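Trainee: Need the 3D shape of this:
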Amino acid sequence: MRRKNERKPLVTNIYTADPSAHVFNGKIYIYPSHDVERDVPDDDDGDQYMMEDYHVLSMDSLDSECVDNGLALSQDDVPWVSKQMWAPDAIYKNGKYYLIFPAKDKEGIFRLGVAESDSPTGPFKPQKDFIKGSYSIDPAVFLDEDGRTYCYYGGLWGGQLEMWQTGSFNRDEARPSGDDPALGPMFAEFSEDMTEFITKPRHLEILDENGEPLKASDEDRRYFEGPWMHKLNGKYYLSYSTGTTHYLCYAESDKPDGPFTYKGRVMEPVLGWTTHHSIVNIDREWYLFYHDCELSGGVTHERCVKYTKLDVDSEGNIRTIHPYEEAE
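Mentor: Model (predicted):
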């Protein structure tokens, strides 16, 4: 039987998406995007996603009420931001809570920023500038067992990832296609104080069952956006969205920077265009936090955060979730 909150919108007072879930001090905190209503047409650049701030959600347990803790950070608080504060993540380190977020700078280029707080719900105080050398969207921050902190990020199309293939920003850069190797997510290591990257960002490789890089035309398996990292039995699990085909997939490696080998699907498509998620261990069981457009009746930029249990076997294999099947 499912928990009473499982596969239901966790909050209905605001639209939420792209949930990054964490357990801090025994309590569940969710760091989502805050969708806003905009009467604009959808396009491949994501201009309909005009988020302006962040709210932090929290739950005492998976069966308790999910609370909206109010405004945690606004674009008006960040000197370098012009618009579109998209999917964030958070981490606890050095006695502080850090919110890592993407937004467009004054030139319309997506960058990554960091803000900090003494509380997991904020308010968060941003650093004055974006992370030097950062670009694109969807940061996922992973604190490894040895204390090193890694950032996985990047998204195609509106996320501008393919516009940096030459090492500098080019809006007209050709997208990889056909048998071209697919672009993987970016990977960099944070400094101990979470102010900068101490390694040069680089693309990660996702390989097929034959050890060959996934191709750009392999839209059922190739990376598009929304990376997440979790670790189980010494293995690193990179999960991500395929974007155009709306799957959540995962790949495995012995190292945090890969290469990763494609393993399978985490979830079949949900109502709405995008799929973005996090995977977190709660009370020694694995759960998937995700979003769909049930609350708005299918409006792609008015979404709601949900969760469901993951079925993970002893080898770390994930059973594919069908999000709208009835409970057994």
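
Trainee: Can you point out the helix or strand that includes the spatially most central residue of the chain?
Mentor: The residue lying closest to the centre of the chain (CA atoms, centre = their mean) is Gly226, at 4.1 Å. Taking DSSP states H and E as the definition, Gly226 sits inside strand 225-232.

Trainee: The residue lying closest to Gly316 once chain neighbours are set aside pairs with what?
Mentor: Among residues not flanking Gly316 along the chain, Leu232 sits closest, at 4.9 Å (CB to CB, 6 or more residues apart in numbering). C-betas here are computed from N, CA, C, even on glycine. For Leu232, the beta-bridge assignment (DSSP bridges) gives partners Lys235.

Trainee: I'd guessed Leu232 sits against Val312; true?
Mentor: Yes. Leu232 lies in contact with Val312 (CB atoms under 8 Å); the separation is 7.2 Å.

Trainee: Run through the bridge partners of Leu248.
Mentor: Here Leu248, judged by DSSP bridges, has bridge partners Ser241, Met267.

Trainee: Count the residues that sit near it.
Mentor: 26 (other CB atoms under 10 Å).

Trainee: Now do the contacts for it.
Mentor: For Leu248, the contact set (CB atoms under 8 Å, 6 or more residues apart in numbering) comprises Gly226, Ser239, Tyr240, Ser241, Thr242, Arg265, Val266, Met267, Thr275, His277, Leu288, Tyr290.

Trainee: What separation do you get for it and Thr195?
Mentor: 32 Å (CB to CB, to the nearest Å).

Trainee: What score does the residue nearest to Gly316 have for pLDDT?
Mentor: Listed pLDDT for Leu232 reads 96.

Trainee: What number of residues are in the vicinity of it?
Mentor: Neighbours around Leu232, by other CB under 10 Å: 16.

Trainee: so where's the protein uncertain?
Mentor: The chain contains residues with pLDDT under 70 at 39-45, 327-328.

Trainee: do that again at 90, thanks
Mentor: Scanning the chain for pLDDT under 90 picks out the ranges 1-2, 4, 36-50, 273-274, 298-302, 314, 325-328.

Trainee: Span of stretch 237-245 from start to end?
Mentor: 21 Å (CA to CA, to the nearest Å).

Trainee: An error on my part: the question was meant for stretch 289-298.
Mentor: 19 Å.

Trainee: What of stretch 37-47?
Mentor: Distance across stretch 37-47, first residue to last, is 12 Å (CA to CA).

Trainee: ok, for Val270, nearest residue in space, not its chain neighbours?
Mentor: Nearest non-adjacent residue to Val270, counting by CB to CB, 6+ apart: Asp292, 3.9 Å away.

Trainee: right, and that neighbour touches Val305 too?
Mentor: No. Under the criterion of CB under 8 Å, Asp292 is not in contact with Val305, lying 9.1 Å apart.

Trainee: which one of those two has more residues nearby?
Mentor: The residue with more neighbours, out of Asp292 and Val305, is Val305; 26 against 22, by other CB under 10 Å.

Trainee: Pull the contacting residues for the more buried one.
Mentor: Contact analysis of Val305 by CB under 8 Å, 6+ apart lists Pro9, Leu10, Val11, Thr16, Ala17, Pro19, Ile30, Pro32, Leu57, Phe289, Tyr290, His291.

Trainee: distance between the helix or strand containing it and the chain's centre?
Mentor: Using DSSP H and E, Val305 falls within strand 304-309. Offset of strand 304-309 from its chain centre (CA atoms, centre = their mean, to the nearest Å): 14 Å.

Trainee: Can you list the strands that that strand pairs with?
Mentor: Using DSSP bridges, strand 304-309 pairs in its sheet with strand 285-292 (antiparallel).
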